[in-house]
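Undergrad: pasting a predicted model and its sequence here:
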Amino acid sequence: MAGQNGDSILGIDDKIEDLQYNNNNNSNEVIDREELVGIGEESSACYKNNQGEGGEKDMAGNSIHRSGSRPQLDLSKAEIQGNSEERDPTILLPNQSDDISHLALDIGGSLIKLIYFSRHEDQSVEDKRKKTVKERLGISNGNRRSYPVLGGRLHFVKFETSKLNECLDFISSKQLHRGRIDSPHWNSEPPANENAVIKATGGGAYKFADLFKERLGVSIEKEDEMDCLVAGANFLLKAIRHEAFTHMEGHKEFVQIDHNDLFPYLLVNIGSGVSIIKVDGDGKFERVSGTNVGGGTYWGLGRLLTKCNSFDELLELSQRGDNGTIDMLVGDIYGGMDYSKIGLSASTIASSFGKAISDKKELEDYRPEDISLSLLRMISYNIGQISYLNALRFGLKRIFFGGFFIRGHAYTMDTISFAVQFWSQGEAQAMFLRHEGYLGALGAFMSYHKHGLDDLMVHHLVERFPMGAPYTGGRIHGPPLGDLNEKISWMEKFVQKGTEITAPVPMAPPGTTGLGGFEVPSSRGATLRSDASALNVGVLHFVPTLEVFPLLTNPKMYEPNTIDLSDHKELEYWFTVLSEHLPDLVDKAVASEGGIDDAKRRGDAFARAFSAHLARLMEEPAAYGKLGLANLLELREECLREFQFHDAYRSIKQRENEASLAVLPDLLVELDHMDEETRLLTLIEGVLAANIFDWGSRACVELYHKGTIIEIYRMSRNKMQRPWRANDFDLFKERMLGSEGKKPKPHKRALLFVDNSGADVVLGMLPLARELLRRGTEVVLVANSLPALNDVTAMELPDIVAEAAKHCDILRRAAEAGGLLVDAMTNTLDGSKGNSSSVPLMVVENGCGSPCIDLRQVSSELAAAAKNADLVILEGMGRALHTNFNARFKCEALKLAMVKNQRLAEKLIKGKIYDCVCRYESAPAS
Ligand SMILES: CC(C)(COP(=O)(O)O)[C@@H](O)C(=O)NCCC(=O)O
Ligand SMILES: [Mn+2]
């Protein structure tokens, strides 16, 4: 191994230095095959699948504490009710013991909407290191509330009101009614059952109160329906980033709502009937109008006229309808012509169902499809028009539509939008809500006192889309299934249905006439997913410890994603990349769990689940909110965790750490023999070169089969000559070393967002950190909270630092000062007990478990560390390119990455694969 046989770590005298990168598509060969003779064995030993190594040990052999992102659910005795081959079978989880804190219901005329909150187990381990870091960073443990707010998840479930018993069974089987309702302390024991109270709104809260008492022994506390609708809408609009969207001619676009400029607005809730509410603030509203022609009318009339059995079936029929056979159109009156003088196209509906007067036809002569579409258009236009007239009445520009009538149905939304646009001549805007049907239930939920959720903000909420009940849109009740065997067999049985479902996305090109009418409904796909809206609602995770990164110059304008996936070609490309990577990822994941049969089943289930997500998003990219590459990469990690793969690259990371730590001492010696300027350049080159160790890049993974870690590292260093494609090194050098004899002040505190394990962190970022420490700058290493690909985590870093510190005084003293060596180190370089005169080296977690980082949601630890920082260093493709490439900071920023993807290199830096980015941005003038 290099360093051990006398070769220079930096590649001087390197015997493979003449080897060239070859950027041809199929051959990312860095190392000539002949040169590889003799290293094959070592190579495969380094990178072979670690079958049979299922242990959960860290580098030091200690057990790893897994901070799983979900508590385990008891799925024993879970069963499918009825025929499991049915389209929407019901699954009950009789022994599920999720820790339910609050349950709220909206019992409407057609549907029961149920929301419940399950707490996270408090898994935070407050070790000595964390305590020291907290002390250093001045983070107090005091809570601004008089009672704790723990993280947890909010689940959304619905039932047909006609099947109330199913709802009661569900509540009972999951013991939702025995929650810790109104307990001032969430960790106290549940109250006595006989006093249990459930908050509920909607007419059914009155109608079915006795039944709830009889069946569940709980009292229903009724909440006013309008209060609840408004509270629910206000909560969603303030707390969920991608909640409201416009939908015009099949095009969905999320609208950023400014919390300080939300009121007044018009809320139109389309349930069985329609309520039109002017909202002026929290709890300040007036029901200004309404109409009895609503969802109930569509369903009621539709059922009579078409003999459909369900609302969804009726809606599905409309997808194939042609309302022109039954509606009287302008063209029917004007001999096929537009009535252009008043802006009406020939296809505009002059009179809904108007043709039925003149035709000598009976009901049976009309196609049910046409009737359904005609009804849908009639009701949607009418609601849109009445809503607009009310908006006009009060001078309101924004109209939010909610209620389960909409069901995420593209054509319904287009029709309403069209009516608002047409009558307001573009002055008013119709917006829709992703949680459209849950406003009332959410409001009832918000009415519980002391759950402490009222002042939660956007950054406290993370929406996840686990596989399970909501995904297939079946009547599968309960939270997304918790995990393991039942879940896997569920996946095996049902995921196929999930991928078969066709989303209500526009299939036909936009077809307006320009004169105020659709020629063809632009959003009518061939088929309609039966339960469109359920698919668009995930599980809301409340993470009260998340904060906005304080060093962002303009958090409101901040967009983490660099690549715009609304470009369909781009979307297709990245979907292909992720799909093609899947078999390799599954191999690694299964191997990380010892390759046993259970792991293989889980691996298969993961692959199906993730592919189903991709298929779903390919159909409707905005299904889960605004989609960026970072979301896709995070979704993959979440999906792995869902199938209990907590660290697929664990063994690989461990090997790479060990190999890199073995050569670190030699590297440090070499660096120390250099003058300041050469050293700084060498350090930055080192970071860029070592970023080649990326198991998420197809090209890099191919490389690893051709060389050992150290060979690849040295080769990469040798190819690291400047100019780099984006090269601000001279600016950075001037800031660090000064010019014309002037010595600049060192930075006070630098935040180093580290990326991959192994050479990347050990031979790249740690030596850079050491240089900063040497200059008197405090260094905070910022690492992932949860594993993602081969990224190093905050939990793993202290051991790595401790190992490195054994051979370096600067690191040792700084690590001691930063509380990293509390009990990890015994052998110091000089055998002495460390003194803490050094500036500290600290480690904080970033709050995420993805290769990218959204700086709107970071850990409170990181937010605290940022307060005194004057330099941010973002490293790696995920953190510095896919996300944050365009982010602007209040302090200086250095973005370092090797571009390990040809397409990204062309797009971002007009370069080629393996080009490097060194972007330095000075602090904006204050
Ligand atoms: C997942 C990654 C962002 C990780 O890169 P890193 O942040 O470790 O530098 C990157 O490997 C990536 O974008 N991979 C997909 C593209 C590809 O395989 O070419
Ligand atoms: Mn990485």
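TA: Yep, it's here. Numbering: from 1, shown residues only. Ligands and ions are numbered 1, 2, ... in the order given.

Undergrad: spatially nearest residue to the residue nearest the centre of the chain, not counting backbone neighbours?
TA: Per CA atoms, centre = their mean, the C-alpha nearest to the average position across the chain is that of Asn631, at 4.9 Å. Nearest residue to Asn631, sequence neighbours excluded (CB to CB, 6 or more residues apart in numbering): Tyr624, at 7.2 Å. C-beta here means a position set from N, CA and C on the backbone, and glycine is covered the same way.

Undergrad: just Ile326 next, same as before
TA: Nearest residue to Ile326 in three dimensions, chain neighbours excluded: Ser374, at 4.7 Å (CB to CB, 6+ apart).

Undergrad: quick one: the one you found and ligand 2, what's the gap?
TA: Going from Ser374 to ligand 2 by CB to the ion, to the nearest Å gives 55 Å.

Undergrad: ok, Phe465 next?
TA: Separation of Phe465 from ligand 2 (CB to the ion) stands at 23 Å.

Undergrad: next SSE downstream of the helix or strand containing the residue nearest to Ile326?
TA: Under the criterion of DSSP states H and E, Ser374 resides in helix 368-393. Using DSSP H and E, the helix or strand that follows helix 368-393 towards the C-terminus is strand 398-402.

Undergrad: shouldn't the residue nearest to Asn631 be within a helix?
TA: No. Under DSSP: H, G, I helix; E, B strand; the rest coil, Tyr624 sits outside any helix and is assigned coil.

Undergrad: how many residues are close by it?
TA: Counted with other CB atoms under 10 Å, residues neighbouring Tyr624 total 22.

Undergrad: and the residue of the stretch 501-650 of the chain nearest ligand 1?
TA: Val577 (4.9 Å; CB to the nearest ligand atom).

Undergrad: what's near enough to touch Gly324?
TA: Residues near Gly324 by CB atoms under 8 Å, 6 or more residues apart in numbering: Ser347.

Undergrad: could you measure from it over to Trp423?
TA: 22 Å (CB to CB, to the nearest Å).

Undergrad: counting neighbours, what do you get for Val858?
TA: Look at Val858: counted by other CB under 10 Å, it has 27 neighbours.

Undergrad: for it, list each beta-bridge partner.
TA: Taking DSSP bridges as the rule, Val858 bridges to Glu547.

Undergrad: quick one: it and Leu546 touch, right?
TA: Yes. The criterion here is CB atoms under 8 Å, and Val858 meets it with Leu546 at 6.7 Å.

Undergrad: quick one: contacts for His882?
TA: 561-563, 629-630, 633, 851-852, 904.

Undergrad: switch the cut-off to 7 Å
TA: For His882, the contact set (CB atoms under 7 Å, 6 or more residues apart in numbering) comprises 562-563, 629-630, 852.

Undergrad: same question for Arg650.
TA: Ser592 are the contacts of Arg650 under CB under 7 Å, 6+ apart.

Undergrad: equivalent analysis for Val458, please.
TA: With CB under 7 Å, 6+ apart, Val458 has these contacts: 239-241.

Undergrad: coming back round to it: what's the burial count for the residue nearest to Ile326?
TA: 27.

Undergrad: with Lys907 instead?
TA: Look at Lys907: counted by other CB under 10 Å, it has 15 neighbours.

Undergrad: quick one: it from Ser579, how far?
TA: Per CB to CB, Lys907 is found 20 Å from Ser579.

Undergrad: kindly report the same for Glu253.
TA: Shown here: Glu253 relative to Ser579, a distance of 27 Å by CB to CB.

Undergrad: then Ala430?
TA: Plainly put, Ala430 is 36 Å away from Ser579 if you go by CB to CB.

Undergrad: pick out whichever of those two has more residues nearby.
TA: The neighbour comparison of Ala430 against Ser579 (other CB under 10 Å) goes to Ala430, with 28 against 15.

Undergrad: which residues are in contact with the host helix or strand of that one?
TA: With elements taken from DSSP H and E, the one containing Ala430 is strand 429-433. Residues outside strand 429-433 that contact it (CB under 7 Å, 6+ apart): 236, 243-247, 255, 384, 397-402, 406, 413, 416-417, 420.

Undergrad: what do you get if the cut-off is 6 Å, keeping everything else the same?
TA: Strand 429-433 has contacts (CB atoms under 6 Å, 6 or more residues apart in numbering) with 236, 243-247, 255, 399-402, 413, 416-417, 420.

Undergrad: tell me, how many residues neighbour the residue nearest to Asp322 when sequence neighbours are not counted?
TA: Leaving out its chain neighbours, the residue that sits closest to Asp322 by CB to CB, 6+ apart is Asp370, at 5.4 Å. Using other CB under 10 Å, Asp370 has 21 neighbouring residues.

Undergrad: identify the contacts common to Val858 and Leu546.
TA: Residues touching both Val858 and Leu546 by CB under 6 Å, 6+ apart: Gly847.

Undergrad: now for Phe889: which residues touch it?
TA: 551, 872.

Undergrad: quick one, grab the pLDDT at it.
TA: With respect to pLDDT, Phe889 has a value of 98.

Undergrad: is it in a bridge, and if so with what?
TA: Note on Phe889: beta-bridge partners by DSSP bridges are Leu552.

Undergrad: okay, it and Asn554: tell me how far apart.
TA: In this view, Phe889 and Asn554 are 10 Å apart by CB to CB.
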